[in-house]
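Peer 1: Sharing a sequence plus its predicted fold:
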Amino acid sequence: MQERIGRYISMIHRQEQRFVCKKMESYGLDLGFPEYLFLYGVSLYEGCMQKDLCWLQGVDDAMATRSVRKLMERGYLFRNRQEEDRRAYRLYLTESGREIIPKLEEVLNQWHREIIGEMDEGQRIQLTSQLKRVAQLAQKVNGMENTGWPELFGENRREREKE
């Protein structure tokens, strides 16, 4: 029987969750990993819609609704109703949400340094490229083909900051 790569991908994901939540607790923050991912996603694509964050994070609408609600209750996010579609909302960080982002980015960067820091640049590029391809194929198999993200919104915050 062929070895299942999903096992390793899942293991990496669970360990990342534990690492991020534990490190963020040291800053006095007590959110779940999905909330951190949504907060980070909004920081990159401020003004995006919740359904687009679902696609980006690969989660269902129910998870997104719970995460966004929790972030709003804690005062980290707010939403504005769309004029063209009154059922849709755009998501934005509050000032409190913005204050978390540098800490969250440092924790995420630390995680990546810890797990792939010993790889050379070529190995990191190859690994990322292969994982991205597997993720795209997994989405395709489940009928969630790329809908144009991130072209949907253009450059993310990091790309704008480079200029």
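Peer 2: Yep, it's here. Numbering: from 1, shown residues only.
Peer 1: Nearest residue to the middle of this structure?
Peer 2: In the chain, the centroid-proximal residue (CA atoms, centre = their mean) is Leu37; its distance is 3.8 Å.
Peer 1: In space, what's closest to that one - neighbours in sequence excluded?
Peer 2: Closest residue in space to Leu37, ignoring its immediate chain neighbours: Gln57 at 5.3 Å, by CB to CB, 6 or more residues apart in numbering. From N, CA and C alone the C-beta is placed, and that goes for glycine too.
Peer 1: coming back round to it: could you look up the SS state of the residue nearest to the centre of the chain?
Peer 2: helix (DSSP: H, G, I helix; E, B strand; the rest coil).
Peer 1: What separation is there between it and His13?
Peer 2: 11 Å (CB to CB, to the nearest Å).
Peer 1: Please apply the same query to Arg66.
Peer 2: Distance from Arg66 to His13, by CB to CB: 18 Å.
Peer 1: So if I had to pick from the two, which one is more boxed in?
Peer 2: More neighbours surround Arg66 than the other of Arg66 and His13, with 15 against 11 (other CB atoms under 10 Å).
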